[in-house]
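*Asks:* Fold the following.
(one chain, ligands or ions: 1)
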Amino acid sequence: MKKVIKYPLVLLFFCILGFILYSLFIDTEKKEMNKILKNTNDDYAIIDKYFIYGRSLNIEGHIDMVEEIKDISLVLKNFNEEEIEYDLKYEINDKLEFKISDEINTGINLDNIDVGNYYVLVKITSNDETINYYSIKNETEYKNNEYYTITKNDKNNKILIDFGKYNLEEIKKEYMILKVKKVNLPENVYDIVIDPGHGGKDSGALSLDEKYYESEITLDYGKTLKESLEKLGLKVKLTRDGTNEEELGIYDAYGKNGRAVIPNNVKAKYVLSIHLNSLPYKIRTGGVEVYAPTLSNLDFAKSLADNIVEYANTNYSLGSTFKEDDGVYVRYLTDDDIESSIVEAHNNNYEPYDIKPNTPYYFMIREIGGIATHAYVDGRNTDYGENPYYDSNFGAETYLLELGYIVCDKDLNNILNNKEGYIEGITEAVKNYLEI
Ligand SMILES: [Zn+2]
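*Replies:* The predicted structure is shown next:
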C-alpha cells in the first residue's frame, strides 16, 4: 500500500520542480527579449529580400526615413547584449534602402557565429550621434530557415533563422532571431557535393582517338576527390558513382535524384561540378577554366584555378570569352541567349521565362542557387522538367571546373597520368576557402 502512494508523490514532486524551472527559464528569456526589443524604434527595418547562398546570409531591406545619417549597420545582439556588427551599404531615395553586400557569396558568414541566440537589428547612428535600433519585420514570402555549418573537427552547429511576433506587457514587436546551437549533423545533411559531369547515355566530350570519354574521367576524378575531401573531415556526396545511375534517375537533372536537385536535398553549402573542355578540333595549348556564379566574389574560383595550375603543373586556359581573371570565368546569359530562349518558348507554346540580367549560363550554377542565382526552370517548358528549388531562398554555391581540354594532348596526358596533382590542387583550394 505504501509503495503505491510513494511513487506518484515522487513523480508529482519532480513534475512541480520541472515546471518551476521551466517557468524560470521562460521568464528569463522573456525578460531578455523585453529588454532588447523595448529599446528599438517604433518603426521597423523591413526586409524585402533574404537568402542564404553557400555560407552567406544576405539581407536587403528598407526603413521609411529620408534624413541623412552618419552610419548604418546590421547587428546581431545576444541576450547579454553583446553585439556583432556588419556594415551595411545604403542609399536614401524616397526611403532608406540597405543591403549587406552586392555579392551573393559575401554576407553574414553563418559558420563564424558562436552558439547562442541573437536578435538581428539594424543600428543607425544619426548625424548628432544618437543611436537607434530597429527591429526587423519580414515582408518576404520566406519564413524560417535551417542552416547547418560546415563540419570542422567533427563539429557542427545548426542555425535556425526565425521570425516572430512578441507580445508582452506594453511591447508588441516583430523580430528576426538566429538561434545557433551545437548539433550532430543529421544523416541526410552534407557539406559539399561533387558532380562528375555527364554519365549514362551522355558520354560528354570524346578524345580525338575516341578512346577516352569525359564521363568516365570525371567519374574517376569525382570518386578520388571525394576521398580526398573526406580526409579534411568534410561530409561529401557524389551526384553519381557509376552504380544504379539509370534507375535512380540521375540524368533527369531536376528529378528526385537529379544532379541539380541533390545538393539542396542534402543542404550542401558547396558544389563542384567536374568537366573536361572540348573543341571540334585538336589544339596545342589547353588549360584550366573555372566557371563561377555571376554577382559573386571570385576568391574561391581564383584559388581553385591557381591551385590546380600549381599542383597539377598545368596552365591557365587561353580562352578569353567570359574571362574575369587568369583561369576564372563568369558565363552569363547574353542578350542573344535570352532572345533565343524567347523564340524557343514561342515555338513550344509556353510563356517565355522572365530572365533577369546577370543570370548564370550553366544550369548547375544557376538552378542550384535558387533566387540568389536567378534560377528559373519552373516547369513551364515540359521538356526540361521542373526544378523544385528554383524559387528557394537557400542554395549551394556552385563552381564548374573544366580541368583541361580533351582535344589537347598535353592536357589529356596530364589528366590521365597526374590525377593526384589535380586532386591535391582542388583539395588545397577547398581547405583554404573553408578555413579548415
Ligand atoms: Zn562536360
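
*Asks:* CA atoms only: put whichever strand or helix holds residue 420 into CSV for me.
*Replies:* Here residue 420, judged by DSSP states H and E, is contained in helix 419-433. Only the C-alpha atoms of helix 419-433 are listed here, as CSV (Å, rounded to 0.1, in the frame of the first residue of the first chain):
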residue,chain,number,x,y,z
LYS,A,419,45.3,12.8,-61.2
GLU,A,420,46.9,13.3,-57.7
GLY,A,421,48.2,16.8,-58.9
TYR,A,422,44.7,18.0,-59.9
ILE,A,423,43.1,16.5,-56.8
GLU,A,424,45.7,18.0,-54.5
GLY,A,425,45.2,21.4,-56.1
ILE,A,426,41.4,21.3,-55.7
THR,A,427,41.7,20.0,-52.1
GLU,A,428,44.1,22.8,-51.2
ALA,A,429,41.7,25.4,-52.5
VAL,A,430,38.8,23.9,-50.6
LYS,A,431,40.8,23.7,-47.4
ASN,A,432,41.8,27.4,-47.7
TYR,A,433,38.4,28.8,-48.6
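
*Asks:* That helix - contacts with which helices or strands?
*Replies:* helix 214-230, strand 270-277, helix 299-311 (3 or more CB pairs under 8 Å, 6 or more residues apart in numbering; DSSP states H and E). Heads up, the C-betas are built off the backbone N, CA and C, glycines and all.

*Asks:* any idea which of those is most buried?
*Replies:* strand 270-277 (a mean of 25; mean count of other CB atoms under 10 Å).

*Asks:* The closest residue to residue 388 other than its chain neighbours and the ion: what is the separation?
*Replies:* The shortest distance from residue 388 to any non-neighbouring residue, by CB to CB, 6 or more residues apart in numbering, is to residue 261 (6.3 Å). To the ion, residue 261 is 19 Å away according to CB to the ion, to the nearest Å.

*Asks:* burial count for residue 261?
*Replies:* 24 (other CB atoms under 10 Å).

*Asks:* coming back round to it: could I get the helices and strands packed on helix 419-433 as TSV with distance to the ion?
*Replies:* Listed next are the helices and strands packed on helix 419-433 as TSV, based on distance: least, CB to the ion, whole Å:
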stretch	distance to the ion
helix 214-230	5
strand 270-277	3
helix 299-311	16
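
*Asks:* Make CSV out of the ones you listed and add mean pLDDT.
*Replies:* Shown next, in CSV, are the helices and strands packed on helix 419-433 (pLDDT from 0 to 100):
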stretch, mean pLDDT
helix 214-230, 98
strand 270-277, 98
helix 299-311, 98
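
*Asks:* possible to save those as JSON lines with distance to residue 357?
*Replies:* Listed next are the helices and strands packed on helix 419-433 as JSON lines, based on distance: least, CB to CB, whole Å:
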{"stretch": "helix 214-230", "distance to residue 357": "31"}
{"stretch": "strand 270-277", "distance to residue 357": "23"}
{"stretch": "helix 299-311", "distance to residue 357": "20"}
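
*Asks:* Show me the one of those that comes nearest residue 115.
*Replies:* Comparison of the helices and strands packed on helix 419-433 against residue 115 by CB to CB identifies strand 270-277 as nearest, at 23.0 Å.

*Asks:* could I have that closest one exported to CSV, CA atoms only?
*Replies:* C-alpha atoms of strand 270-277 as CSV (Å, rounded to 0.1, in the frame of the first residue of the first chain):
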residue,chain,number,x,y,z
TYR,A,270,29.1,23.9,-52.0
VAL,A,271,29.0,22.0,-55.3
LEU,A,272,32.0,21.3,-57.5
SER,A,273,30.9,20.0,-61.0
ILE,A,274,33.8,18.4,-62.8
HIS,A,275,34.2,18.5,-66.6
LEU,A,276,36.7,18.4,-69.4
ASN,A,277,36.6,21.0,-72.1
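
*Asks:* Centre of the chain to the helix or strand that comes right after that strand, how far?
*Replies:* Once the chain leaves strand 270-277, the next helix or strand it forms, by DSSP H and E, is strand 289-291. Centroid separation for strand 289-291 versus its chain: 18 Å, with CA atoms, centre = their mean, to the nearest Å.

*Asks:* Give me the residues contacting strand 289-291.
*Replies:* 277, 301-302, 304-305, 308, 317, 319, 327-331, 362, 365, 399-402 (CB atoms under 8 Å, 6 or more residues apart in numbering).

*Asks:* again, 6 Å this time
*Replies:* 301, 304, 305, 317, 327, 328, 329, 331, 400, 401, 402 (CB atoms under 6 Å, 6 or more residues apart in numbering).

*Asks:* Does it reach the ion?
*Replies:* No: using CB under 5 Å from the ion, strand 289-291 never reaches the ion; the gap is at least 10.9 Å.

*Asks:* can you pull the contacts of the residue of the stretch 51-200 of the chain found nearest the ion?
*Replies:* Proximity to the ion, evaluated over the stretch 51-200 of the chain using CB to the ion, is greatest for residue 197 at 4.2 Å. By CB under 6 Å, 6+ apart, residue 197 lies in contact with 204, 218, 273, 274, 275.
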